[in-house]
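**Student:** Please work out how this folds:
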Amino acid sequence: MADALTHYHRYCTSPCDEITPGQYVKPLFYSDYRERHVGHSDLLLYTPTSWAGRAIARYTGGPGYNFSHVEAALWWHDTGRLMCVGYQEGVGGAARPLSQILEDCNGHVHVYGVETNLAQLTCLREHLVGDLGKEYKWSSIILNILNIAVLSRYIIPEALMLSLVKQASSSTGAGICSQHIARSFRICSYPLVDKQDALVTPNDIAQSALTRYKCTLVLN
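**Tutor:** You can find the predicted model right below:
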């Protein structure tokens, strides 16, 4: 049987040797990850597979950072199912089996670990799951675009922009993928990024000093 690296280069639609600058890819079969390597608060960062994802990754990342989506990996109650929990455009907040996600995103899901204590883990599960079932917040996408666009700084008063960002970040329901993750960790006294929740991007989370790359998942 071919090893995980061979599978990665064979089946990933856009394989690369470096996930981030200086960090070489470490492919791992999903079955091995599920059986032996799942962390208590793992995050799943996605490299893009569509033009929209590539645009998000390009305009929200630093040099060499290419992530367009983020979710969390959680064991689902007592069912023994490993799930992705998070917000996705067109879906909103939902939980989906990680194995099914990989059928469409094989080689594009990268696991980042976060060290948390028991109290933080209990809190994270409560908020990561408790915030599901709400709408995808397109207004936060617009705020991110306006925050990045140079011309908007000359059109929208700074005080108004700050007010809009603060209002969006204080929301306890709905959101976009990175806002949901950032909000859950912040509420649990573990802020991943020094930034208003509504403006946090997947690339911000990848570059956080509190996250570390573990592996890239491939199906065998």
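
**Student:** and the residue nearest in space to the middle of the chain, how far is that from residue 115?
**Tutor:** Centre of the chain computed as the mean C-alpha position; nearest residue by CA atoms, centre = their mean is residue 70, 1.3 Å away. Between residue 70 and residue 115 the computed distance is 18 Å (CB to CB, to the nearest Å). All C-beta spots, glycine's among them, are computed from the backbone N, C-alpha and C.

**Student:** What of residue 133?
**Tutor:** 29 Å.

**Student:** Just the pLDDT for the residue nearest to the centre of the chain.
**Tutor:** As predicted, residue 70 sits at a pLDDT of 96.

**Student:** these two touch, right, it and residue 208?
**Tutor:** No: contact criterion CB atoms under 8 Å: residue 70 and residue 208 do not qualify, at 11.0 Å.

**Student:** mind listing the helices for this protein?
**Tutor:** Counting by DSSP state H, the chain has these helices, from start to end: 4-11, 30-32, 51-60, 98-105, 118-130, 138-148, 152-155, 158-169, 177-187, 202-206.

**Student:** For residue 196, find the nearest of the ones you listed.
**Tutor:** helix 158-169 (4.2 Å; CB to CB).

**Student:** What is the burial count for the closest residue to residue 64 other than its chain neighbours?
**Tutor:** Once flanking residues are discounted, residue 64 sits nearest to residue 21: 3.9 Å by CB to CB, 6 or more residues apart in numbering. Residues contacting residue 21 under the criterion other CB atoms under 10 Å number 9.

**Student:** Return the residues in contact with residue 21.
**Tutor:** Going by CB atoms under 8 Å, 6 or more residues apart in numbering, residue 21 touches 63, 64, 65.

**Student:** Most neighbours among the residues you listed, which one?
**Tutor:** Within those, most neighbours by other CB under 10 Å means residue 65, with 20 neighbours.

**Student:** Pull the contacting residues for that one.
**Tutor:** 20, 21, 57, 203, 206, 207.

**Student:** With pLDDT as extra columns, can I get those residues in a markdown table?
**Tutor:** Output for the contacts of residue 65, formatted as a markdown table (pLDDT from 0 to 100):
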| residue | pLDDT |
| --- | --- |
| 20 | 88 |
| 21 | 87 |
| 57 | 81 |
| 203 | 92 |
| 206 | 94 |
| 207 | 93 |
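
**Student:** which one among the residues you listed gets closest to residue 13?
**Tutor:** Taking the contacts of residue 65 together and measuring to residue 13 by CB to CB, the closest member is residue 57, at 14.0 Å.
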